[in-house]
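> Give me a model of this one.
(one chain, ligands or ions: 1)
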Amino acid sequence: MSLIVKICGLSTPETLDAALVGGADMVGFVFFPPSPRHVTLDVARALGKQAKGRAVKVALSVDADDADLENSIDALRPDILQLHGRESVARVRDIKQKFGLPVMKALAVETRAELAALPGYAAVCDRILFDAKAPKDATRPGGLGAVFDWHLLEGLDLKLPFMVSGGLTAANVAEALRITRAGGVDISSGVESAPGIKDPDMIRAFIRAARATEELTT
Ligand SMILES: O=C(O)c1ccccc1N[C@@H]1O[C@H](COP(=O)(O)O)[C@@H](O)[C@H]1O
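Numbering: from 1, shown residues only. Prediction:
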């Protein structure tokens, strides 16, 4: 199966275009007001139309209630929901049933202990995204450019597709994939010139670097 490359936190037509033309498989939009990448419903509606049929649209939320989820889904028309907060297994199941969309649950990993939560989530969601744990005083649970110890995923036998994120860049993506054997990679800060400001050249360079690893393994 080919590697899934996701560019997250897109918020302008120009940078979305760079991701789409560059060959991103998934494009992510952040619905979380404290984030520098937060998109309003109007912006999400326009970007959603631009991305339609060209890549998988991902709506990222953090412990959102049903009303906020409904509004973001109505605006973006996503293909999948990325739940990046402390959503419980029961809440993930509930969201899937209510909204009828596939769910990718983000799990923050710092030690092997956090992987104990995996079977519960694996039973209810469609995809797992491993990310670094945010510091206690962080204003958001992700999108911080923080890397986790990829060796924690070494030899992981998960019967579900999984992706890796957290501090990825064009320079380290090959190493992350070599160690984790993930089926996909997700990036936000690593393709930005400043928090929330995506750089089209960095987007293209990251996609190229990730694709180059496929050539090494196929
Ligand atoms: O991007 C954000 O602002 C964000 C806010 C809240 C939760 C998650 C967020 N981003 C996701 O975090 C990971 C890692 O990002 P980075 O590459 O280390 O910056 C990625 O999945 C983003 O989609």
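
> Mind jotting down where the strands sit in this protein?
Along the chain, the stretches classed as strands by DSSP state E are 4-7, 26-31, 56-61, 80-83, 103-109, 127-132, 162-164, 184-187, 192-194, 197-198.

> any weak-confidence spans in this structure?
For the chain, applying pLDDT under 70 flags the ranges 1, 215-218.

> for the ligand, what are the nearby residues on this protein?
Taking Cβ under 6 Å from any ligand atom as the criterion, the neighbours of the ligand within the chain are 8-9, 28, 30, 32, 35, 37, 60, 62, 84, 129, 131, 140-146, 165-168, 186-190. Where C-beta positions appear, they are placed from N, C-alpha and C, glycine not excepted.

> for this protein, which helix is longest?
In the chain, assigned by DSSP state H, the helix with the most residues is helix 200-217.

> From Ala113, how far out is the residue minimising distance to the centre of the chain?
Nearest residue to the geometric centre of the chain (Cα atoms, centre = their mean): Asp186, 4.9 Å. Separation of Asp186 from Ala113 (Cβ to Cβ, to the nearest Å): 23 Å.

> so who does Leu118 touch?
Shown in contact with Leu118 (Cβ atoms under 8 Å, 6 or more residues apart in numbering): Leu107, Ile128, Leu158.

> Can you get me a residue count around the closest residue in space to Gly120 that isn't next to it in sequence?
Computed as Cβ to Cβ, 6 or more residues apart in numbering, the closest residue to Gly120 that is not its neighbour in sequence is Val89, at 4.3 Å. Residue neighbour count, defined by other Cβ atoms under 10 Å, stands at 16 for Val89.

> From the ligand, how far off is Val89?
19 Å (Cβ to the nearest ligand atom, to the nearest Å).

> ok, so what distance separates that residue from Thr40?
31 Å.

> What of Ser193?
For Ser193, the distance to Thr40 - Cβ to Cβ - is 22 Å.

> ok so, going back, quick one: residues contacting the residue nearest to Gly120.
So Val89 contacts Gly120, Tyr121, Ala123, Val124 (Cβ under 8 Å, 6+ apart).

> 10 Å instead, please
Lys105, Ala117, Pro119, Gly120, Tyr121, Ala122, Ala123, Val124, Cys125 (Cβ atoms under 10 Å, 6 or more residues apart in numbering).

> can you check Ala55 too?
Ala55 neighbours (Cβ under 10 Å, 6+ apart): 5-7, 16, 19-20, 23-28, 79.
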